[in-house]
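Visitor: predicted model and sequence follow; I will ask about them next.
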Amino acid sequence: MNTKDSGFSSKLIHSGGIDDALGSVTTPIYQTSTFKFQNADHGARCFSGEEKGYIYTRLGNPTIEDLEVTMTELENGYGGLAVASGMAAVNTVYLSILEAGDHMIGHFAVYGPSRGIMEKFYPQYNIEADFLDTTNIENIEKTIKPNTKLIYLETPANPTMDIADISAISALAKKHGILLCVDNTFCSPYLQKPLDLGADIVLHSMTKFINGHADIVGGVVVAKEKDIYEKLKFVMMNMGFNIDPNQAWLARRGLKTLAVRMEKAQANAMEVAEFLENHPKVEWVLFPGLKSHPQYELGLKQMSGPGAVISFGVKGGLEAGKTVMNSVKLSILAVSLGGIETLIQHPASMTHSKLSKEARAGAGITDELVRISIGIEDAKDIMDDLDQALGQV
Ligand code: LCS
């Protein structure tokens, strides 16, 4: 079905959809590494690009394509690539856009490894980066150099929930001939469409809201324009970053319920955030849906909802936060986010532990910060659980 003019939820259900001769309602899992050619000339035509045909799963597979076409439609892009993990998506972007001698600007509080790999691995290829507070556009402007090729945002950011102004930063990037990439993992295209706001590339850890069921690891990159898509595709194919058809199928299945999952999770999160903000044992709460969020107005402008991830500090600091994490019964003490189950974790000792203490402190990832990703359980049960855990402090 052509879903170009369909609404978002119809796209979730009907986009992609590879023709299947046997009439399967869902796209089959093409569990094959390679595809048979009709004859030698057909094989040659597939390789030269004269004819569209499947060749070898690292280069393309109908189950994977189903997911890529859907994500591309949802993000309003030119083309998308599903890859083995969110970090494969991040590195596909870095490797495609940055050459030796180039410079990148990133937000200082992105997912730990997205910053860590850039600071620890890429300098050997003479690629340099500055990670700074991108919620202040002047910081970016001051840091742009003649060799700056990429601005890399994560908004809302993991785990500080900072919100960067995608439209304003995109205008600045365009003025300087710099590409803008946005990690949209915390929102999903249901809540935010970075390409519509001016970004050139959007990426996700599909491990999170896109799949939504904490049962796969995957990533996706979507480009606004053909030339960038072709660069990303070259790297993806030749680095072997492709997702496997089984994982792609699960992600595509999980994606079908994104709208209903996100609605329920963010409604729960709104209740939980208000509950935490009024709790006597809680020092502070960061959640885009609360008026106390420093970029609350900007969030309203560029996101259609606050999402379902909350960061908070417990009175009594790290020790008190640990007591809460050790006392929860319904929430699960685990990293990751964006699934149907509520997960709680401690960024300074877990997801962001590989960043230096100075880098964490500079980015606002304090030792007392606890992050909770709200699931689709009953809001009352989540709050009762947090209340009894806070009661242990
Ligand atoms: N981008 C963001 C915003 C993320 O939160 C993560 C993972 C990644 C990229 C990398 O994706 P992956 O390779 O894991 O699919 N974030 C995690 C987190 O906060 N806890 O565990 C993983």
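Guide: On my side now, so go ahead.
Visitor: does stretch 364-376 reach the ligand?
Guide: No: using CB under 6 Å from any ligand atom, stretch 364-376 never reaches the ligand; the gap is at least 7.4 Å. (C-beta placed from N, C-alpha, C; glycine too.)
Visitor: write out the residues of this structure neighbouring the ligand.
Guide: Residues of the chain lying near the ligand (CB under 6 Å from any ligand atom): 85-87, 90, 111, 114, 154, 158, 183, 185, 205, 207, 217, 219, 335-337, 351.
Visitor: quick one: which of these sit in strands?
Guide: 154, 183, 205, 219 (DSSP state E).
Visitor: those, buried ones only, as a PyMOL selection?
Guide: The PyMOL command for the buried members of these (criterion: 16 or more other CB atoms under 10 Å) is given here:
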select buried, resi 154+183+205+219
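Visitor: residues near the closest residue to residue 352 other than its chain neighbours, how many?
Guide: With CB to CB, 6 or more residues apart in numbering as the criterion, residue 352 has its nearest non-adjacent residue at 4.0 Å, and that residue is residue 112. By other CB atoms under 10 Å, the residues close to residue 112 number 20.
Visitor: quick one: residues contacting residue 112.
Guide: 347, 351-355 (CB atoms under 8 Å, 6 or more residues apart in numbering).
Visitor: farthest pair in those?
Guide: 347 and 354 (11.1 Å; CB to CB).
Visitor: between these two, who's got more neighbours?
Guide: Higher neighbour count among residue 347 and residue 354: residue 347, with 24 against 15, using other CB under 10 Å.
Visitor: ok, now which ones touch that one?
Guide: Here residue 347 is in contact with 112, 158-159, 311, 353, 360, 365, 369, 371 (CB under 8 Å, 6+ apart).
Visitor: kindly report the same for residue 233.
Guide: 79, 81.
Visitor: switch the cut-off to 7 Å
Guide: Each residue near residue 233 by CB atoms under 7 Å, 6 or more residues apart in numbering is listed here: residue 81.
Visitor: export the helix or strand that contains it to PDB, keeping only CA atoms.
Guide: Assigned by DSSP states H and E, residue 233 falls within helix 226-239. Output in PDB follows, covering the C-alpha atoms of helix 226-239 (Å, rounded to 0.1, in the frame of the first residue of the first chain):
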ATOM      1  CA  LYS A 226      20.400  11.300  -1.500                       C
ATOM      2  CA  ASP A 227      24.100  12.200  -1.500                       C
ATOM      3  CA  ILE A 228      24.400  11.900   2.300                       C
ATOM      4  CA  TYR A 229      22.400   8.600   2.200                       C
ATOM      5  CA  GLU A 230      24.800   7.200  -0.400                       C
ATOM      6  CA  LYS A 231      27.800   8.100   1.800                       C
ATOM      7  CA  LEU A 232      26.100   6.400   4.900                       C
ATOM      8  CA  LYS A 233      25.200   3.400   2.800                       C
ATOM      9  CA  PHE A 234      28.800   2.900   1.500                       C
ATOM     10  CA  VAL A 235      30.100   2.900   5.100                       C
ATOM     11  CA  MET A 236      27.300   0.700   6.400                       C
ATOM     12  CA  MET A 237      27.700  -2.000   3.700                       C
ATOM     13  CA  ASN A 238      31.500  -2.100   3.700                       C
ATOM     14  CA  MET A 239      32.000  -1.900   7.500                       C
END
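Visitor: what mean pLDDT would you report for it?
Guide: Taken as a whole, helix 226-239 has an average pLDDT of 98.
Visitor: cool, stretch 133-151 as well?
Guide: Rounded mean pLDDT across stretch 133-151 is 98.
Visitor: tell me the domain ranges of this structure?
Guide: Annotated domains of the chain cover 17-255, 258-390 [automatic domain parsing].
Visitor: need those domains in a markdown table (columns: distance to residue 9).
Guide: Shown next, in a markdown table, are the domains of the chain (distance: least, CB to CB, whole Å):
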| stretch | distance to residue 9 |
| --- | --- |
| domain 17-255 | 9 |
| domain 258-390 | 5 |
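Visitor: to residue 1, which of the ones you listed lies closest?
Guide: Among those, domain 17-255 comes nearest to residue 1, with 6.4 Å by CB to CB.
Visitor: ok now the closest one, how far from the chain's centre?
Guide: On the basis of CA atoms, centre = their mean, to the nearest Å, domain 17-255 sits 9 Å off its chain's mean C-alpha point.
Visitor: what's the closest of the contacts of residue 112 to the ligand?
Guide: residue 351 (4.4 Å; CB to the nearest ligand atom).
Visitor: what pLDDT does the closest one get?
Guide: We have a pLDDT of 93 for residue 351.
Visitor: ok, it touching residue 335?
Guide: Yes: between residue 351 and residue 335 there is a contact under CB atoms under 7 Å: 5.3 Å.
Visitor: list residues touching both of the two?
Guide: Common neighbours of residue 351 and residue 335 (CB under 7 Å, 6+ apart) are residue 345.
Visitor: who has more neighbours, the two?
Guide: residue 351 (20 against 13).
Visitor: the residue of the stretch 201-350 of the chain found nearest the ligand pairs with what?
Guide: Here the stretch 201-350 of the chain gets closest to the ligand at one residue, residue 205, 3.0 Å apart by CB to the nearest ligand atom. As for beta bridges, residue 205 partners with residue 219 under DSSP bridges.
Visitor: list the buried ones in the one helix or strand residue 44 maps to?
Guide: Per DSSP H and E, residue 44 falls inside helix 40-48. Residues of helix 40-48 classed as buried by neighbour count (16+ other CB under 10 Å): 43, 45-46.
Visitor: looking at those, which is nearest residue 250?
Guide: Nearest to residue 250 among the buried residues of helix 40-48, counting by CB to CB, is residue 46 at 27.6 Å.
Visitor: how close does that closest one sit to residue 289?
Guide: Residue 46 is 49 Å from residue 289, where distance means CB to CB, to the nearest Å.
Visitor: so what touches whichever helix or strand comes after the helix holding residue 44?
Guide: Using DSSP H and E, the helix or strand that directly follows helix 40-48 along the chain is helix 62-75. With CB under 7 Å, 6+ apart as the test, helix 62-75 has contacts from 3, 11, 15-18, 27-30, 54, 79-82, 189, 193, 195, 202, 220, 222, 242-243, 245, 248-249, 251-252, 255.
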